[in-house]
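*Asks:* Would you be able to build a 3D model of this:
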Amino acid sequence: MVKRLLGWPVLRQLSTGDWLGRGPAVTSPRTDAAGARTSTADRVVQSVCPYCAVGCGQRIFVRDEEIIQIEGDPDSPISRGRLCPKGSACEQLVNSPRRVTTVRYRRPFGTQWEDLSLAEATDMIADRFVSARHDYWQAEDPDGNRLDRTMGIASLGGATLDNEENYLIKKLFTAAGAIQIENQARI
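*Replies:* As a prediction, the model looks like this:
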């Protein structure tokens, strides 16, 4: 009973001189045993947040080749160690048990999703891309002005794409003649 009373934080504050209760007097054995997730990392990798065009720096903590934590990089001149809520949740982008890791397809007027192989999905996309470009190609306007464009293809990039991916997508779609090219990070 006496040991239990001495374990009471107020008595520990009085007996240890920790008057404000900000030190060892209020630390439980569970808190003492706890440690930072980052302390068990095998290595730290610097990266850039994939969500928007700001380019906030990230420190990615890796243990056994798996990401265990992502934090802001204090050495980044852009974000100085800070991340927005989306950037702070980047670890879920790769570790979420709900993350879809297969190609999912729902046929027109279908009610169920089905898995496709990557090769089948890529072929399907390529066929539709080429067909849309061909079917909606505009070589010139009614006045004879040269257009060389297609209105059958548009692109809306997602915020999880990085700047390099968006740059390549812009080049691809521009070369194909598309003029409706946008990115979610700008909308």
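*Asks:* For the rest of this, base every contact and every neighbour count on C-alpha atoms.
*Replies:* OK.
*Asks:* List the neighbouring strands of whichever strand in the chain runs longest plus their orientation.
*Replies:* When the chain is parsed with DSSP state E, its longest strand is strand 146-157. Take DSSP bridges as the rule and strand 146-157 pairs in its sheet with strand 137-140 (antiparallel), strand 178-183 (parallel).
*Asks:* Distance of residue 103 relative to residue 120?
*Replies:* Residue 103 sits 9 Å away from residue 120, going by C-alpha to C-alpha, to the nearest Å.
*Asks:* Count the neighbours of residue 13 for me.
*Replies:* Using other C-alpha atoms under 10 Å, residue 13 is surrounded by 18 other residues.
*Asks:* returning to that earlier point: quick check: next helix or strand after the longest strand of the chain?
*Replies:* Next helix or strand after strand 146-157 toward the C-terminus (DSSP states H and E): helix 163-175.
*Asks:* tell me which element the closest residue to residue 90 other than its chain neighbours is part of?
*Replies:* Nearest non-adjacent residue to residue 90, counting by C-alpha to C-alpha, 6 or more residues apart in numbering: residue 70, 6.8 Å away. Assigned by DSSP H and E, residue 70 belongs to strand 66-72.
*Asks:* buried set for the next helix or strand after that strand?
*Replies:* Once the chain leaves strand 66-72, the next helix or strand it forms, by DSSP H and E, is helix 85-88. With burial defined by 16 or more other C-alpha atoms under 10 Å, the residues of helix 85-88 counted as buried are 87-88.
*Asks:* and helix 85-88, what does it pack onto?
*Replies:* strand 66-72 (3 or more C-alpha pairs under 8 Å, 6 or more residues apart in numbering; DSSP states H and E).
*Asks:* Indicate each strand paired with the strand it packs on and its parallel or antiparallel sense.
*Replies:* Strand 66-72 has these strand partners (DSSP bridges): strand 57-63 (antiparallel).
*Asks:* Report the angle between the longest strand of the chain and helix 163-175.
*Replies:* Inter-element angle recorded for strand 146-157 and helix 163-175: 150 degrees (by axes from the mean of the first three to the mean of the last three C-alpha atoms, to 10 degrees).
*Asks:* Can I get strand 146-157 in CSV, CA atoms only?
*Replies:* Taking Å, rounded to 0.1, in the frame of the first residue of the first chain, the C-alpha atoms of strand 146-157 are listed here in CSV:
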residue,chain,number,x,y,z
ARG,A,146,-3.7,24.7,-89.2
LEU,A,147,-4.7,23.2,-85.8
ASP,A,148,-3.1,19.7,-85.6
ARG,A,149,-4.9,18.8,-82.4
THR,A,150,-7.3,16.3,-80.9
MET,A,151,-10.3,17.0,-78.7
GLY,A,152,-10.7,13.3,-77.9
ILE,A,153,-7.9,13.2,-75.3
ALA,A,154,-7.6,15.1,-72.1
SER,A,155,-5.5,14.6,-69.0
LEU,A,156,-6.2,15.5,-65.4
GLY,A,157,-3.1,14.5,-63.3
